[in-house]
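Visitor: need a 3D model of the following:
(2 chains)
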Amino acid sequence: MLTVQGLNKRFGRKTVLRDLSIRFDEGVYGLLGPNGAGKTTLMRCLTRLYPVPAGAVQLNGVSVQDDRDYLRHIGYLPQKFGLFRELRVYEMLEMLANLKGMRGPGVRENIERCVAQVNLSEHLHSKVRTLSGGMVRRLGIAQALLGDPEILIFDEPTAGLDPEERLRFKRVIAEVRPGRTVLISTHIVSDVEASCDTVVVLDAGRIVTSGPSEALRRRAAGKTYLVPQTDAAGLQGDYVVQDQFEADGRIMLKVLSGQPQAFPAAEATLEDGYICALRGL
Amino acid sequence: MRAQGSVRLLMRRMWLHLKNLRALALAPPLVLNVLLPFVSYLFYRQEGLGSALYFHVLEFVQYLVPFFSIWWVLFTLREYVEADGNELLFVSRSRGKLPDMLALFVLYQLNAALLLCLGGAVLPGMQLEFFRLLCVSVFYFGLVYLLAFLTGSIILTLLAALAYTLLALLAQDAGGLFLQYIRTSPLTLPLLLETYLPLLALGLLLAGAGAAVNRFALRFR
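Guide: Next comes the predicted model:
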């Protein structure tokens, strides 16, 4: 169990995380939030890249600052990943395993197992620079799995991937999740919908809401409307235009509003719930 | 047993670091083992054996040996300060990278020591010049290690090292100028104490400052 308690993080005068408290048990957590919400900063605090006050982050009750072996429990994939491009896939993973302090005859087997889990076995002896963007991202997941850590932290793992690769990523998460705590940060709502048990919405360094994805979706129930663009002047009070599309030759707006509106209701999606949470609707 | 394992891990990392450099990794051994002997031979053809040859060779090794002592270090540091996802390399028990860079530096110095020992067989006294070159090389190491982490740019660091080499070349034999290290006079104890040991000490200080930046003030891409 990974616990964050009252975590504050400042860079100069700018406060990036504000009194953040959350508990991560076994399961898959989606960290949703706009750019600058503090997702990456939180992940860097959890991986001790940024120093944190004693006790602010604990693994099974032990402060991570005091736990010499803490990083052995962590597998991390940063937002950008492009290391050792002139090495072969096996050598690159060997280098990262080496940096993790892994040694002994079991290392080779561990590397081959991690590569197999992300379906890159046939590229084991290919140079990293010859891999496609999606393959490099899968390689990044493989290196995070080295040493069989219980906690996996992925920072925007699907950014820049095509739909097929994103689907492949979701399958990999489903395979590696048993017995693990997986944190996935993203600003793409659809990525968390299929993969995550719990969605945590961050904004301006604070947790806005946290809970099952269905609960987040229901937050927008009764607040989603379909409005013809020509009738938009009839909307009452505050509202947010969530989407715009053409239907039967008319431009239609999908609108979110906390106030009752005299327009047909639309089915709420997870993305609608996310916007409602961010805007306080 | 554990120390043996750590040394094996370090050596394997060094090999992979050098492999990752591709053709760039060949520059220092080519300079030490091909270019310097070849140029020395050309000087020999021109001057014959004698003090003129000694001082020409001494001059030439001072131009090249210290600068290339940081070649492997500099281009290996590129992964740590400039590569996409460099933060991953610091999510490890050992955040400091000084041991790895020192290992590469020492490997080069072993080659340089061997070269100068062999040179000493032809030009007596040349092997002692290794100590002069080592002091200057330590200064280069400290400079590069600090600047790489401070600037987050390998190009800027390389340019700084090049600029220092050029300045030293232009101010050759200008006595009394601090940091100016190229001399064609043989190494003496006063020269070692006044010029080269201070450079060594400054290099160690700069390396220490670089280690502090490495630990506390990293930039992530």
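
Visitor: three-state assignment of the residue most central in space within chain A?
Guide: Centroid-nearest residue in chain A: A:S185, 1.8 Å away (criterion: C-alpha atoms, centre = their mean). With DSSP: H, G, I helix; E, B strand; the rest coil as the basis, A:S185 sits in strand.

Visitor: just the pLDDT for it.
Guide: You'll see A:S185 listed with a pLDDT of 94.

Visitor: okay, B:L134 and B:L123: tell me how far apart.
Guide: Taking C-beta to C-beta, to the nearest Å as the measure, B:L134 falls 18 Å from B:L123. Every C-beta, even on glycine, is put in place using the N, C-alpha and C of the backbone.

Visitor: no wait, B:W71
Guide: 25 Å.

Visitor: of these two, who's got more company?
Guide: Neighbour count, other C-beta atoms under 10 Å in any protein chain shown: between B:W71 and B:L123, B:W71 has more, with 23 against 20.

Visitor: how many neighbours does the residue lying closest to the more buried one once chain neighbours are set aside have?
Guide: Excluding the flanking residues, the one nearest B:W71 by C-beta to C-beta, 6 or more residues apart in numbering or on different chains is B:P28, at 5.0 Å. Neighbour count of B:P28, defined by other C-beta under 10 Å: 23.

Visitor: which element is the nearest residue to B:N20 once chain neighbours are set aside on?
Guide: With sequence-adjacent residues excluded and distances taken as C-beta to C-beta, 6+ apart, B:N20 is closest to A:E86, at 4.7 Å. Of the helices and strands defined by DSSP states H and E, none includes A:E86.

Visitor: how about the residues of chain B by chain A?
Guide: Residues of chain B found near chain A (C-beta under 8 Å from any C-beta of the partner chain) are B:5, B:8-9, B:12-13, B:16, B:19-22, B:79, B:83-94, B:218, B:220-221.

Visitor: inside helices: which ones of those?
Guide: Using DSSP state H, the members of the residues of chain B next to chain A that fall in helices are B:G5, B:R8, B:L9, B:R12, B:R13, B:L16, B:K19, B:N20, B:E79.

Visitor: residue contacts, the fourth one?
Guide: Contacts here follow C-beta atoms under 8 Å, 6 or more residues apart in numbering or on different chains; on that basis B:R12 touches A:E94, A:N98.

Visitor: now it: how far from A:R85?
Guide: Distance, B:R12 to A:R85, using C-beta to C-beta: 19 Å.

Visitor: check contacts around B:L147.
Guide: For B:L147, the contact set (C-beta under 8 Å, 6+ apart) comprises B:L156, B:T157, B:A160, B:G210.

Visitor: in terms of pLDDT, where does the closest residue to the second one other than its chain neighbours sit?
Guide: So the one you mean is B:T157. Nearest residue to B:T157, sequence neighbours excluded (C-beta to C-beta, 6+ apart): B:L147, at 4.3 Å. On pLDDT, B:L147 comes in at 96.

Visitor: so how far is B:L18 from B:L147?
Guide: For B:L147, the distance to B:L18 equals 22 Å [C-beta to C-beta].

Visitor: so what's the residue count around the residue nearest to B:N20?
Guide: Using other C-beta under 10 Å: A:E86 sits among 17 other residues.

Visitor: just the strands in chain A please.
Guide: Applying DSSP state E to chain A gives strands spanning A:2-11, A:14-24, A:27-32, A:57-59, A:62-63, A:74-77, A:151-155, A:181-186, A:198-203, A:206-212, A:224-228, A:240-247, A:250-256.

Visitor: phi first, then psi, for the residue nearest to B:N20.
Guide: Backbone torsions for A:E86, taken as degrees, to the nearest 10, come to phi -90, psi 0.

Visitor: so it touches A:R129, yeah?
Guide: Yes - in this structure A:E86 lies within contact range of A:R129 using C-beta atoms under 8 Å: 6.6 Å.

Visitor: which of the residues in stretch A:271-279 are buried?
Guide: A:E271, A:D272, A:G273, A:Y274, A:I275, A:C276, A:A277, A:L278 (16 or more other C-beta atoms under 10 Å in any protein chain shown).

Visitor: kindly apply the preceding question to stretch B:43-56 instead.
Guide: By neighbour count, with 16+ other C-beta under 10 Å as the criterion, the buried positions of stretch B:43-56 are B:F43, B:Y44, B:L53, B:Y54, B:F55, B:H56.

Visitor: buried members of the residues of chain B next to chain A into PyMOL, please.
Guide: Buried members of the residues of chain B next to chain A, defined by 16+ other C-beta under 10 Å, are picked up in PyMOL with:
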select buried, chain B and resi 9+13+16+20+21+79+83+84+85+86+87+88+89+90+91+92+218+220
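
Visitor: alpha carbons of stretch A:24-34, in PDB - could you do that?
Guide: Taking C-alpha atoms only, stretch A:24-34 is exported to PDB below (Å, rounded to 0.1, in the frame of the first residue of the first chain):
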ATOM      1  CA  PHE A  24      -3.000   3.500  -3.500                       C
ATOM      2  CA  ASP A  25      -4.000  -0.100  -2.900                       C
ATOM      3  CA  GLU A  26      -3.700  -3.000  -5.300                       C
ATOM      4  CA  GLY A  27      -5.400  -2.100  -8.600                       C
ATOM      5  CA  VAL A  28      -5.100   0.300 -11.500                       C
ATOM      6  CA  TYR A  29      -5.400   4.000 -10.900                       C
ATOM      7  CA  GLY A  30      -5.900   6.600 -13.600                       C
ATOM      8  CA  LEU A  31      -4.600  10.100 -12.800                       C
ATOM      9  CA  LEU A  32      -6.500  12.500 -14.900                       C
ATOM     10  CA  GLY A  33      -6.000  16.200 -15.200                       C
ATOM     11  CA  PRO A  34      -5.200  19.000 -17.500                       C
END
